[in-house]
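Okay, structure incoming, though there's no sequence with it:
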């Protein structure tokens, strides 16, 4: 009886504990659904530490850390989830792979990517992995091009998203000015961010940050500003709050919007939201094109391919806007693409967790070419690492820049880092040369030169200048190109060139032959057709197949000019005896004449003789030390015009 009472008591206690745990989980679920991730994490972890196991709880706990960009902590709970079950949505395989990268377990991360690829169907992230399974090797090759360090302006809170405004670096921070208070965000228990500015002094050092402008500051988030070159217009991100009114979507969540402010009397005022905003989706992180006629931004608006995509919109001359355009699947994936920046070199930098990287958000770059985007490339370490790396910007003139990261060793939740670029990521070359007359060496101006890719698609076109010089900028390294040169009265030529592996210049001179060549008595037809020698096998005098091609050119000219007579002359170098060389060359000259007669040239129009080594064109006589190239000059065939 006593044992029965004790057992019943234990059952009651166990039931009460289970009810208590479930009540706590229910409360945590509510926090989770309301984006109060910090509170949810605390509750879920307390329950988990008491040994309570539930796949749904581990899933939410992992998500809470994942969405809070604490990937290493998310890894622990996704690991618990996968140890219980692998019957989860394919997206969790991708998230788990990202968190595995954050703790350096790349082999296991790739295993998860393999399974994600098998389960996800048509997901572009799976395709990108399948197409480039050696992505870590590629990233390693791209790494080591920067020197990066803490920018020295960070707080213990979140600091990120930089932009230049005159001699100031403007950024977002959740720090608060002494004596002021600001609302706290439930999802990370930090204050809403405001804009701060750090002045750059004469030594290039960043001074103590101060509040940027109170006119811009609201009670909610402001971040990621960008300024026009004249400093009169500012675009920035803010929560859906303006003129004292806060708006929410249908699920009662206050999303993000893009705003524009104008400079008046030294202050940015007249804050207006951009017309393509909506209460039902977010728009954020503006960036301007080099000509300031296009605004780039991130959004999850309808039509997006993933969790957030990059878009562009035309800024009209009157300040109105066109219709936003998705940048397409070359840039966007089913993951997150965000924080765009366009450099003076017309390169689009952005952060993504959909393209293959080192973990979390990585920084990528794609060259903008006539409105389209070239290959997306990971910029490598040390800018990228296992955690989130984002908000990249660079001054291409000084090769100095800034990016933000929540990596280990930082001062706060997010930190700003400064860097120096030592060499460009995308290897490019200048392809250039001089166009000349093949016979005279005279420079040829106004020659049309066309650049084609290896599939013979036209890339660019130019004309040689007054010095015969042509050039093509921004040619990709390690690629094959064709260069075609065309000029009136000259034979069109097409050269093949393979660009080197390092940034620099490739020289490609082009020599054009005249289509119609004026000749006179005494001229050598061999020089017209660049025939150096009619080749024979060793000690032989019969015409070889390769020699026949050159001889056919001479025969054709003589048939087109029936009054022309030619003297065929064969020469040797000084090696071997004088008598031997004379005899051999004479046999070869006569063999050449005989072949031409067989091709239809009358014998009366041809003479031929071998001169051996009697008419050397350089110093290489018997006993004189000469190179093979110098001896080659003497081994020649001549076809001298004797009558016209």
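Noted; the coordinates are in hand. For clarity, every value in this text was computed on a predicted model and none was experimentally measured. Numbering: from 1, shown residues only.

C-alpha only now, for contacts and for neighbours.
Noted.

What segments of the stretch 201-350 of the chain are strands?
210-211, 222-227, 233-239, 241-242, 245-246, 256-264, 267-273, 283-288, 294-299, 309-314, 325-326, 337-342, 347-352 (DSSP state E, counting those that start in this stretch).

dump the residue contacts of residue 531.
Contacts for residue 531 (CA atoms under 8 Å, 6 or more residues apart in numbering) come out as 550, 637.

make it 7 Å
Applying CA atoms under 7 Å, 6 or more residues apart in numbering, we find residue 531 in contact with residue 550.

So it: helix, strand or coil?
Here residue 531 is recorded as coil under DSSP: H, G, I helix; E, B strand; the rest coil.

Can you give me the distance of it to residue 250?
Residue 531 is 82 Å from residue 250, where distance means CA to CA, to the nearest Å.

Kindly report the same for residue 603.
Taken as CA to CA, the span from residue 603 to residue 250 is 99 Å.

now the helices: where do they sit in the chain?
Counting by DSSP state H, the chain has helices at residues 2-33, 37-49, 55-67, 71-84, 90-102, 106-120, 124-131, 135-142, 525-528, 545-560, 578-598, 628-634.

Nearest to residue 306, out of these?
helix 124-131 (9.8 Å; CA to CA).

just checking, residue 477 touches residue 497?
No: using CA atoms under 7 Å, residue 477 makes no contact with residue 497, being 11.0 Å away.

Please identify which of these two sits among more neighbours.
It is residue 477, of residue 477 and residue 497, that has more neighbours when counted by other CA atoms under 10 Å, with 19 against 16.

How about the contacts made by the more buried one?
In this structure, residue 477 makes contact with 427, 428, 429, 499, 500, 501, 502, judged by CA under 7 Å, 6+ apart.

Select from the residues you listed every entry located in strands.
Taking DSSP state E, the ones among the contacts of residue 477 that sit in strands are 428, 429.

And the furthest pair within the contacts of residue 477?
The largest separation in the contacts of residue 477, counting by CA to CA, is between 427 and 499 at 10.1 Å.

more crowded one of these two?
residue 499 (22 against 16).

so the more buried one touches residue 482, yeah?
No: the criterion here is CA under 7 Å, and residue 499 misses it with residue 482 at 10.8 Å.

How much space separates residue 322 from residue 316?
Distance from residue 322 to residue 316, by CA to CA: 7 Å.

typed the wrong thing, it's residue 331
Distance from residue 331 to residue 316, by CA to CA: 24 Å.

do residue 202 as well
For residue 202, the distance to residue 316 - CA to CA - is 37 Å.

More neighbours: the two, which one.
residue 316 (12 against 8).

Now do the contacts for the more buried one.
The contact partners of residue 316, by CA under 7 Å, 6+ apart, come to residue 293.

go with 6 Å
If a contact means CA atoms under 6 Å, 6 or more residues apart in numbering, then residue 316 has no contacts.

wait, residue 334 sits on residue 306?
Yes: counting by CA atoms under 6 Å, residue 334 does reach residue 306; the two are 3.5 Å apart.

re the thing from before, could you identify the buried members of the contacts of residue 477?
427, 428, 429, 499, 500 (16 or more other CA atoms under 10 Å).

Low-confidence regions, the chain specifically.
Residue ranges of the chain with pLDDT under 70: 1-40, 177-182, 186-187, 426, 532, 534-544, 546-547.

domains for it, by residue range?
2-121, 155-352, 428-512, 525-643 (automatic domain parsing).

Can you give me the distance of residue 336 to residue 167?
Counting by CA to CA, the gap from residue 336 to residue 167 is 32 Å.

out of those two, which sits in the more crowded spot?
residue 336 (23 against 14).

Tell me, how many residues neighbour the nearest residue to residue 201 once chain neighbours are set aside?
Sequence neighbours aside, residue 207 is the residue nearest to residue 201 in space, at 7.0 Å (criterion: CA to CA, 6 or more residues apart in numbering). A count of nearby residues for residue 207, using other CA under 10 Å, gives 15.

measure residue 207 to residue 388 for me?
26 Å.

do residue 121 as well
In terms of CA to CA, residue 121 sits 27 Å off from residue 388.

The two: which has the busier surroundings?
More crowded of residue 121 and residue 388, by other CA under 10 Å: residue 388, with 24 against 11.

Now do that one against residue 336, distance only.
12 Å.

hmm, back to that, kindly reformat the domains of the chain as JSON lines and extend each row with distance to residue 372.
Converted to JSON lines, the domains of the chain look like this (distance: least, CA to CA, whole Å):
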{"stretch": "domain 2-121", "distance to residue 372": "27"}
{"stretch": "domain 155-352", "distance to residue 372": "9"}
{"stretch": "domain 428-512", "distance to residue 372": "13"}
{"stretch": "domain 525-643", "distance to residue 372": "44"}
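
nearest to residue 392, of the ones you listed?
Closest approach to residue 392 among the domains of the chain (CA to CA): domain 155-352, 6.8 Å.

Quote the end-to-end distance of the closest one.
25 Å.

Show me how far that domain is from its chain's centre.
Centre-to-centre, domain 155-352 and its host chain are 24 Å apart (CA atoms, centre = their mean, to the nearest Å).

Then stretch 402-417?
Worked out by CA atoms, centre = their mean, stretch 402-417 lies 24 Å from the chain centre.

What's the end-to-end length of that stretch?
With CA to CA, one end of stretch 402-417 sits 6 Å from the other.

same question, stretch 619-631
Using CA to CA, the two ends of stretch 619-631 sit 9 Å apart.

Number of residues surrounding residue 422?
Neighbour count for residue 422, taken as other CA under 10 Å: 12.

Skipping adjacent residues, who's closest to it in space?
residue 145 is the one closest to residue 422 (CA to CA, 6+ apart), at 5.2 Å.

which residues does the one you found contact?
Per CA under 6 Å, 6+ apart, neighbours of residue 145: 421, 422, 423.

More neighbours: which of residue 603 and residue 250?
residue 603 (13 against 9).

measure that one to residue 97 for me?
For residue 603, the distance to residue 97 - CA to CA - is 83 Å.

Kindly report the same for residue 372.
31 Å.

Compare these two and say which is more crowded by neighbours.
Remark: of residue 372 and residue 97, residue 97 carries more neighbours, 26 against 11, as counted by other CA under 10 Å.

Identify the residue nearest that one in space, chain neighbours excluded?
Take residue 97 and drop its neighbours on the chain: the residue closest to it by CA to CA, 6+ apart is residue 109, 4.2 Å away.

Can you tell me how far that neighbour is from residue 510?
52 Å.

ditto for residue 270
In terms of CA to CA, residue 270 sits 60 Å off from residue 510.

Would you mind telling me which of these two has the busier surroundings?
Set side by side, residue 270 and residue 510 show more neighbours around residue 510, with 23 against 14, by other CA under 10 Å.

Go ahead and confirm that one touches residue 435.
Yes: at 4.8 Å, residue 510 counts as touching residue 435 under the criterion of CA under 6 Å.

what is in contact with those two at once?
Contacts common to residue 510 and residue 435, judged by CA under 6 Å, 6+ apart, are absent.

Residue 620 versus the residue nearest to residue 632 when sequence neighbours are not counted, what's the distance?
Beyond its immediate neighbours in the sequence, the residue positioned closest to residue 632 (CA to CA, 6+ apart) is residue 573, lying 7.2 Å away. Distance of residue 573 to residue 620, given as CA to CA: 8 Å.

neighbouring contacts of stretch 587-607?
Stretch 587-607 is contacted from outside by 541, 565, 566, 567, 569, 570, 608, 609, 610, using CA under 6 Å, 6+ apart.

Many thanks, we can stop here.
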